[in-house]
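Participant: Based on what follows, work out the 3D shape:
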Amino acid sequence: MEQVIKVIGIGDDGAESLLPVYRQWIEESELLIGGERHLGYFPDYPGEKWAVQEGLAAIVERLRGETRQTVILASGDPLFYGIGGYLAKKLPVQIYPQVSSIQLAFARIGESWQDACITSVHGRSMKGLAQRIDGKAKVALLTDDQNGPQAIAKYLLMFGMNEYEMFVGENLGGPDERTGWYQLDELADQSFSPLNVVILRQKQAGPVWPLGIPDEEFAQRKPDKGLITKREIRVLSLANLRLRADSTVWDIGTCTGSIAIEAARIARLGQVFAVEKNAEDLENCRQNMYKFRADLSLVHSKAPQGLERFPDPDAVFIGGSGGELKELLHVCCSRLKPEGRIVLNAATIETLYLAIEAFQAEGFAFDVTLSQISRSKPILAMTRFEGLNPVYLITAYKKVESANE
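Facilitator: The predicted structure follows:
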């Protein structure tokens, strides 16, 4: 019969952080599992030790059928960005948390943390962090060797997020604990212990960009201003994409990046891939990306080339096809997730016809909206209206088969 394994959280002060009953369970166990640092807290342990070096999946396999009394050690709260959640899905475990490093960090600065945005760049890319935390008054970050305080500060400064100051807590709870507040531009020459956590706190509010950013706020190609999806069309297109917080989005023919940027600010937990064939437009997109704090994946390519490197999308926006519309739509329709949507903006009836023909060939359903919008414009002491170019918004999605089909 499999034993119920105890997963015990432990702090940087080692065995001293444990309740007496936890230490008793460890002493009575026959198998102790943990990182090298955790196992080092128990040099006189009489049973067998397994160091977690080969990955958790291998440890789980080794534990299947294990009958010895077993304890697994984990840092802080095993269910807070730790191994507890994974182990609980695979093995019969009981979890006993320690105070997490994030709790200790907020205790050190004397601030509540129930209203903080808590995320992690430990063992994962920093990609997308800008839009995830933009506008948050307090942010707590778990870090690692690659994504430490210096790297985080450099990243935030690229996006102009200097309204934040940074608290760094090193070796919290341990004998070598060190804490301090820093301005972001002070961190380049600093060094820190690998065991640290970061808290970001706003010194003042940052810029606010609601949905429908004004066209003139975007860097655009000069003297050919106007190569941008206009605000009104942009908002309608985004609505038709039906984005979720975690959507994966493709923006094909991104130009200034207006759609991609607004999509990233909606799909803050997702990812946005923007493709553009014109190098000058792509550079404008990059400038806009940093200004509006939308961490896009930018690709210089003429679609559909390059799309094979992207994960399958939940939503695709096509603002330009470069004459490859049929092939491009075939790729997009083939890769689109089951509940996904494709929105294509067409300025001519010829493009509308080709798009409808291609979607019919792919077996997709579609809706078309003709948008004819005029903006007010002063003339002497009066006001007139000036029309924008009419645009066809084509929204395509996979047909839902009825129960009778």
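Participant: Going by C-alpha atoms from here, please, whenever you check contacts or count neighbours.
Facilitator: OK.
Participant: Pop the domain breakdown of the chain in here.
Facilitator: Domain ranges of the chain: 5-99, 102-202, 215-398, per automatic domain parsing.
Participant: can you put those in a markdown table and add distance to Trp209?
Facilitator: Listed next are these as a markdown table, based on distance: least, C-alpha to C-alpha, whole Å:
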| stretch | distance to Trp209 |
| --- | --- |
| domain 5-99 | 31 |
| domain 102-202 | 10 |
| domain 215-398 | 7 |
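Participant: TSV for the ones you listed, including mean neighbour count and mean pLDDT?
Facilitator: Below are the domains of the chain laid out as TSV (neighbours: other C-alpha atoms under 10 Å; pLDDT from 0 to 100):
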stretch	mean neighbour count	mean pLDDT
domain 5-99	17	92
domain 102-202	17	96
domain 215-398	18	93
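Participant: Would you check how far apart Lys211 and Asn278 are?
Facilitator: Not quite, residue 211 is Leu, not Lys. Separation of Leu211 from Asn278 (C-alpha to C-alpha, to the nearest Å) stands at 26 Å.
Participant: scratch that, Ile379
Facilitator: Noted for Ile379: a distance of 37 Å to Asn278, by C-alpha to C-alpha.
Participant: can you give me the strands in the stretch 201-350 of the chain?
Facilitator: 248-252, 271-276, 297-300, 315-318, 341-346 (DSSP state E, counting those that start in this stretch).
Participant: so which strand or helix has Glu61?
Facilitator: helix 56-63 (DSSP states H and E).
Participant: Ala88 too?
Facilitator: For Ala88, the element it lies in under DSSP H and E is helix 84-90.
Participant: Repeat that for Lys6.
Facilitator: strand 5-10.
Participant: Show residues contacting the helix or strand just after that strand.
Facilitator: Following strand 5-10 in sequence order, the next helix or strand is helix 20-28 (DSSP H and E). Applying C-alpha atoms under 8 Å, 6 or more residues apart in numbering, the set of residues contacting helix 20-28 from outside is Ile8, Ala15, Leu32, Tyr45, Pro46, Gln69, Val71.
Participant: rerun at 10 Å
Facilitator: The contact list for helix 20-28, computed with C-alpha atoms under 10 Å, 6 or more residues apart in numbering, reads 6, 8-10, 15-18, 29, 32, 42, 44-47, 69-73, 96.
Participant: Take it, keep the C-alpha atoms, and write them as PDB.
Facilitator: Extracted C-alpha coordinates of helix 20-28, given in PDB (Å, rounded to 0.1, in the frame of the first residue of the first chain):
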ATOM      1  CA  PRO A  20       8.600  20.500  16.400                       C
ATOM      2  CA  VAL A  21       6.100  18.000  14.900                       C
ATOM      3  CA  TYR A  22       7.500  18.600  11.400                       C
ATOM      4  CA  ARG A  23      11.000  17.900  12.600                       C
ATOM      5  CA  GLN A  24       9.700  14.700  14.300                       C
ATOM      6  CA  TRP A  25       8.100  13.600  11.000                       C
ATOM      7  CA  ILE A  26      11.400  14.100   9.200                       C
ATOM      8  CA  GLU A  27      13.300  12.200  11.900                       C
ATOM      9  CA  GLU A  28      10.900   9.300  11.800                       C
END
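Participant: next one: whatever helix or strand comes next after that helix to chain centre, how far?
Facilitator: Next helix or strand after helix 20-28 toward the C-terminus (DSSP H and E): strand 31-34. Put simply, strand 31-34 sits 34 Å off its chain's centre (C-alpha atoms, centre = their mean, to the nearest Å).
Participant: and the following helix or strand past strand 31-34, what does it pack onto?
Facilitator: Using DSSP H and E, the helix or strand that directly follows strand 31-34 along the chain is helix 36-39. On a contact count with 3 or more C-alpha pairs under 10 Å, 6 or more residues apart in numbering; DSSP states H and E, helix 36-39 meets strand 31-34, strand 48-51, strand 70-75.
Participant: Switch those strands over to TSV; also include distance to Lys291.
Facilitator: Listed next are the helices and strands packed on helix 36-39 as TSV, based on distance: least, C-alpha to C-alpha, whole Å:
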stretch	distance to Lys291
strand 31-34	44
strand 48-51	46
strand 70-75	38
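Participant: for these, which one sits closest to Phe192?
Facilitator: The closest of the helices and strands packed on helix 36-39 to Phe192 is strand 70-75. By C-alpha to C-alpha, the value is 18.9 Å.
Participant: could you say what helices and strands that closest one packs with?
Facilitator: Helices and strands touching strand 70-75, by 3+ C-alpha pairs under 10 Å, 6+ apart, are strand 5-10, helix 20-28, strand 31-34, helix 36-39, strand 48-51, helix 84-90, strand 93-96.
Participant: CA atoms of the fifth one as PDB?
Facilitator: What follows is strand 48-51 as a C-alpha-only set of coordinates in PDB (Å, rounded to 0.1, in the frame of the first residue of the first chain):
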ATOM      1  CA  GLU A  48      18.100   7.600   2.500                       C
ATOM      2  CA  LYS A  49      18.200  11.000   0.700                       C
ATOM      3  CA  TRP A  50      17.200  11.700  -2.800                       C
ATOM      4  CA  ALA A  51      18.300  15.000  -4.300                       C
END
